[in-house]
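Student: 3D, please:
(chains A and B)
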Number of protein chains: 2
Amino acid sequence: MQTVIIGSGNVAYHMAKAFRLNGIPLTQIFGRNGVELKKISEETGVPYSTEHLEDADLYIICVNDNSVESVSKMITKENCLVAHTSGSLPKETLTGPYRKSSFYPLQTFSKSKELDYKKIPFFIETENNEDQQLLFDLASKISENVMESNHEKRKYIHLTAVFACNFVNHLFARAKEVSDSQEIPFDYFLPLIDETVQKIHEVDPKAAQTGPAVRNDVRVLELHEQLLKDESLEIYKTMNHSIQKMYEL
Amino acid sequence: MQTVIIGSGNVAYHMAKAFRLNGIPLTQIFGRNGVELKKISEETGVPYSTEHLEDADLYIICVNDNSVESVSKMITKENCLVAHTSGSLPKETLTGPYRKSSFYPLQTFSKSKELDYKKIPFFIETENNEDQQLLFDLASKISENVMESNHEKRKYIHLTAVFACNFVNHLFARAKEVSDSQEIPFDYFLPLIDETVQKIHEVDPKAAQTGPAVRNDVRVLELHEQLLKDESLEIYKTMNHSIQKMYEL
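Tutor: Next up is the predicted model:
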């Protein structure tokens, strides 16, 4: 099977690496950014091009949501399968005469950070059973967690990930603003953060909740509000309100 | 030196365990809850009492913030050092004729969860250098990270911890509500969560931000808002607003 990855960003990079690590052949990496493509090509040994899209059986589009549609139009071949890797787009965003699918890896990708691909859940949606089997077999070579998922479900998976990953990271950024303001090294908080996450591997997060809001410690809540302003104060109030609602305080 | 721990909760339990693990003698664990004290006593070999507070050189009060003052009044001895373990109280909350101090371990404690005490930062405040040295030496037997910290600084440490631990856990709880609603196992998100936290061990969280808000993906932001309601919708809007403010979008 001839497979082409389209894109030169973080997802394309890790997808190409995951293929190579698991001995899955790749025909080409195609994209606009020659500098990035060259780096990926050098690391994975896969040929790249910014101009000529190779003929293939499977195209995996690893570009920003906003570019998926326009990129998908570049593929004019009929008898092939095209997959996007977006959590929030339906497979119908793909616009062309081919069979459409979604091949969504649930992870946050940076080029500078190595990943254990075996642990990344892949969510798959296709038009027919044959394609389903094809993508399922492919993903199973990379990961231990491969599942079917339609667009409706995928939207909620993506939304859950925004809370559990993007918003969590933003809380770290706001937390670091507070500690930076007092010249307290943010590193001091890493054991606490690690433990917070370790805990939910074993305990339901609702049962693991600690802190002033859940024990309704009005004195501390008022004291903290005096130390905050602007967006951090808004976050503080919103999160505490939500905690108190969840526990009916 | 005779040391007594007062309290029978999570902090008292781990404090007693940390002492025992590092060969620091304890005279007694004192508290109200005989059932819990008996368990801690059986695990650590330290005698306990719910009635008679032993004479000691150092008392470490490990109770809820709201009970620190009343518990501290039970100690009527003059020539001794008393420490509380609260992140948000000044040492002056301690009410009695003794020398006052704060001995604050920055961690989230559960009895069911083992901890690496070496990695827990301890923040210390005392009235004089001699006591400072005493608590510093004591904490250094338990942990590699021992620092001086006055009440003003400790307030901000505690506030940072609320963002980085309590609020992060609440985001996990709200995320799980979303995934539960679609019968998506929350376990699928653990590799993503682990990676999110691993990343900030290496990268400044502000630089690590990903997701629809930071790339100003209005389509996804609107789609997600339609999937949410009540407190989760409030969190969604507040966090996205804060992200967009931080990156001046």
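Student: The lengthiest helix in chain A to helix B:230-246, inter-axis angle?
Tutor: Looking across chain A with DSSP state H, the single longest helix is helix A:230-246. The directions of helix A:230-246 and helix B:230-246 differ by 170 degrees, with axes from the mean of the first three to the mean of the last three CA atoms, to 10 degrees as the criterion.
Student: In helix A:230-246, which residues are buried?
Tutor: Within helix A:230-246, the residues that qualify as buried are A:231-232, A:234-240, A:242-243, A:246, counting by 16 or more other CB atoms under 10 Å in any protein chain shown. For the C-beta atoms, the positions are set from N, CA and C on the backbone; glycine is no exception.
Student: Pipe those residues into CSV and attach distance to chain B per row.
Tutor: Listed next are these as CSV, based on distance: CB to the nearest CB, whole Å:
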residue, distance to chain B
A:Glu231, 4
A:Ser232, 7
A:Glu234, 5
A:Ile235, 6
A:Tyr236, 8
A:Lys237, 8
A:Thr238, 4
A:Met239, 5
A:Asn240, 9
A:Ser242, 4
A:Ile243, 5
A:Met246, 7
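Student: So A:Leu233 is in contact with A:Glu225, correct?
Tutor: Yes - counting by CB atoms under 8 Å, A:Leu233 touches A:Glu225, with 6.5 Å between them.
Student: which residue sits farthest out from the middle of chain A?
Tutor: Most distant residue from the mean C-alpha position of chain A: A:Arg219, 39.0 Å away (CA atoms, centre = their mean).
Student: Distance of that residue relative to chain B?
Tutor: 7 Å (CB to the nearest CB, to the nearest Å).
Student: residue boundaries of the helices in chain A?
Tutor: A:10-21, A:34-44, A:65-72, A:129-142, A:151-161, A:168-181, A:190-200, A:205-208, A:218-227, A:230-246.
Student: From the chain's centroid, how far away is the longest one?
Tutor: Centroid displacement of helix A:230-246 relative to its chain, using CA atoms, centre = their mean, to the nearest Å, is 26 Å.
Student: That one - contacts with which helices or strands?
Tutor: helix A:168-181, helix A:218-227, helix B:168-181, helix B:230-246 (3 or more CB pairs under 8 Å, 6 or more residues apart in numbering or on different chains; DSSP states H and E).
Student: okay if I get those as a markdown table plus mean pLDDT and distance to B:Ser101?
Tutor: Putting the helices and strands packed on helix A:230-246 into a markdown table (pLDDT from 0 to 100; distance: least, CB to CB, whole Å) gives the following:
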| stretch | mean pLDDT | distance to B:Ser101 |
| --- | --- | --- |
| helix A:168-181 | 98 | 23 |
| helix A:218-227 | 95 | 20 |
| helix B:168-181 | 98 | 29 |
| helix B:230-246 | 98 | 37 |
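Student: For the ones you listed, give me a markdown table that also has distance to B:Pro90.
Tutor: Formatted as a markdown table, the helices and strands packed on helix A:230-246 follow (distance: least, CB to CB, whole Å):
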| stretch | distance to B:Pro90 |
| --- | --- |
| helix A:168-181 | 19 |
| helix A:218-227 | 11 |
| helix B:168-181 | 27 |
| helix B:230-246 | 30 |
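Student: what does the domain assignment say about chain A?
Tutor: Domain assignment of chain A by automatic domain parsing yields the ranges A:3-149, A:154-246.
Student: Minimum distance to B:Tyr188: which of those domains has it?
Tutor: B:Tyr188 lies closest to domain A:3-149 among the domains of chain A, at 4.7 Å (CB to CB).
Student: outside of the longest strand along chain A, which residues touch it?
Tutor: Longest strand of chain A, by residue count under DSSP state E: strand A:99-105. Contacts of strand A:99-105 from elsewhere in the structure, counted by CB atoms under 8 Å, 6 or more residues apart in numbering or on different chains, are A:11, A:14-15, A:60, A:80-87, A:89-92, A:94, A:120-128, A:131, A:135, A:139, A:143, A:149, A:151, A:154, A:157.
Student: Which strands border it, and is each parallel or antiparallel?
Tutor: strand A:81-84 (parallel), strand A:122-125 (antiparallel) (DSSP bridges).
Student: Drop anything exposed from the contacts of strand A:99-105.
Tutor: A:11, A:14-15, A:60, A:80-87, A:89-91, A:94, A:120-126, A:131, A:135, A:139, A:143, A:149, A:151, A:154, A:157.
Student: List the buried residues in stretch A:214-223.
Tutor: Buried residues in stretch A:214-223 (16+ other CB under 10 Å): A:214, A:217, A:220-221, A:223.
Student: and it, C-alpha only, in PDB?
Tutor: Listed next in PDB are the C-alpha coordinates belonging to stretch A:214-223 (Å, rounded to 0.1, in the frame of the first residue of the first chain):
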ATOM      1  CA  VAL A 214     -14.600  22.100  48.300                       C
ATOM      2  CA  ARG A 215     -14.200  22.600  52.100                       C
ATOM      3  CA  ASN A 216     -16.000  25.900  51.800                       C
ATOM      4  CA  ASP A 217     -13.200  27.800  53.500                       C
ATOM      5  CA  VAL A 218     -14.700  31.300  53.000                       C
ATOM      6  CA  ARG A 219     -11.800  33.000  54.800                       C
ATOM      7  CA  VAL A 220      -9.200  31.600  52.400                       C
ATOM      8  CA  LEU A 221     -11.400  32.200  49.300                       C
ATOM      9  CA  GLU A 222     -11.700  35.900  50.300                       C
ATOM     10  CA  LEU A 223      -8.000  36.200  51.000                       C
END
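Student: quick one: A:Gln132 from A:Glu43, how far?
Tutor: Distance of A:Gln132 to A:Glu43, given as CB to CB, to the nearest Å: 31 Å.
Student: go on, A:Glu36?
Tutor: 11 Å.
Student: Tell me which of these two has more neighbours.
Tutor: A:Glu36 (19 against 13; other CB atoms under 10 Å in any protein chain shown).
Student: show me what contacts the more buried one?
Tutor: Neighbours of A:Glu36 in contact, by CB under 8 Å, 6+ apart: A:8-9, A:13.
Student: Let's see that with 6 Å instead.
Tutor: Residues counted as contacts of A:Glu36 (CB atoms under 6 Å, 6 or more residues apart in numbering or on different chains) are A:Ser8.
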